[in-house]
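Chemist: Need the 3D shape of this:
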Amino acid sequence: MQVVMMVAGKSTRTYPLTLTCPKPLLKIANKPIIEYNLEQLEGLADEVILIVGYRQEMIRQYLGDRFGKMKLIYQDQREQRGTGHAILQAKPWIKGPFIAMNGDDLFARQDIERLLKYSFAALVKEVPDPSLYGVYELNENGRVVNLIEKPKTPVGNLANIGCYLFQPSIFDELERTPISERGEIEITSAVASIAKREEFYVVPIKGFWLPTGYAWHLLDHQEFFLSQLKKSSILGKVEQGVTIHGAVQIGKGTIVKNGTYIEGPVIIGENCQIGPNCYLRKYTTIGHHCRIGQGVEIKNSILMDEVMRKIFSL
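Modeler: Just a heads-up that it's a prediction; the model follows:
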């Protein structure tokens, strides 16, 4: 199975974090968003076409060969002209049915797999306010008859969440799709059009969909993943007089100094120095090569790599 993953956007809504880092490399629980998605595809996809653009060299460098069993192909999208335009960039590589997905949202493998029973399909989520989303309109047999972007008059509550199964004929549809008022090739327009000729179905998610629209969503996602952390893993050094409650992961080369109190779930990266007498509260992640000074309290936070917190700060 081939997968097209769209990771080219600049993401101004997550500034200032994405001024120096592409959104797919923003970390949740010390792991980049793109790595979570690629892990979901292991054993399911044999080839992933990454549509890259903004700061693509950082994505290439990070991924390297860490997904050796899954071939990664990088396709440059020199102009960001919408999701439809991004998918079109993959046309030279596609050999048959393929999955197309937003690379900076998080999807569950079980839901991606459920797409594969169809020729054309999309993951959807029931939402309380359909006017904020692209919404699918279905007929009495459950087949898609339209996809309406942010409808003023409700046609349903099944929101388009950016993960699809397509046939190669979608490229002809995209090439016929008029440029929108935003100057983009809209995937919603192409889907609405092809649904009039092909059997197109929706698949309500049973797992998770975690969209990253704004920086604070990273904290929500971190709480989701850390709440699933059930066992501790301590690879660094913990001095006497340190108290640990709950699930805590401590990376290699890290030293936690005496008098520190850690209330999990908490993840601490590699080669850090924590304390003495720190208080790390739940749903906190500390990156690699960090220095957390004496008496510092941190809660429900994401500290990136190489962060220094001075003594007695909150």
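
Chemist: quick one, what contacts the nearest residue to residue 82 once chain neighbours are set aside?
Modeler: Once flanking residues are discounted, residue 82 sits nearest to residue 184: 2.8 Å by CB to CB, 6 or more residues apart in numbering. Placement of C-beta: from N, CA and C, glycine included. Residue 184 is in contact with 81-85, counting by CB atoms under 8 Å, 6 or more residues apart in numbering.

Chemist: repeat that for 7 Å
Modeler: When contacts are counted by CB atoms under 7 Å, 6 or more residues apart in numbering, residue 184 touches 81-82, 85.

Chemist: now residue 300
Modeler: Applying CB under 7 Å, 6+ apart, the residues contacting residue 300 are 219, 281, 283-284.

Chemist: Correct me if wrong, but residue 58 is in a helix.
Modeler: Yes: Residue 58: assigned to a helix according to DSSP: H, G, I helix; E, B strand; the rest coil.

Chemist: is it true that it touches residue 24?
Modeler: No: if you go by CB atoms under 7 Å, residue 58 and residue 24 don't touch, sitting 9.3 Å apart.

Chemist: neighbour-wise, which of those two wins?
Modeler: residue 24 (32 against 16; other CB atoms under 10 Å).

Chemist: any idea how far the nearest residue to the more buried one once chain neighbours are set aside is from residue 299?
Modeler: Spatial nearest neighbour of residue 24, excluding adjacent residues (CB to CB, 6+ apart): residue 34 at 3.8 Å. Distance of residue 34 to residue 299, computed by CB to CB, to the nearest Å: 27 Å.

Chemist: now swap in residue 132 and tell me
Modeler: In terms of CB to CB, residue 132 sits 30 Å off from residue 299.

Chemist: can you count the residues close to residue 10?
Modeler: Residues near residue 10, counting by other CB under 10 Å: 15.

Chemist: Now do the contacts for it.
Modeler: Going by CB under 7 Å, 6+ apart, residue 10 touches 18, 54, 80.

Chemist: 6 Å instead, please
Modeler: Residues in contact with residue 10, defined by CB atoms under 6 Å, 6 or more residues apart in numbering, are residue 54.

Chemist: just residue 147 next, same as before
Modeler: Applying CB under 6 Å, 6+ apart, the residues near residue 147 are 134, 136, 188, 191-192.

Chemist: With residue 271 instead?
Modeler: By CB under 6 Å, 6+ apart, the contact list for residue 271 reads 253, 288-289.

Chemist: Distance to residue 153 and secondary structure added to these, as CSV?
Modeler: Listed next are those as CSV, based on distance: CB to CB, whole Å; DSSP: H, G, I helix; E, B strand; the rest coil:
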residue, distance to residue 153, secondary structure
253, 59, coil
288, 51, coil
289, 54, coil
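
Chemist: Many thanks, have a good one.
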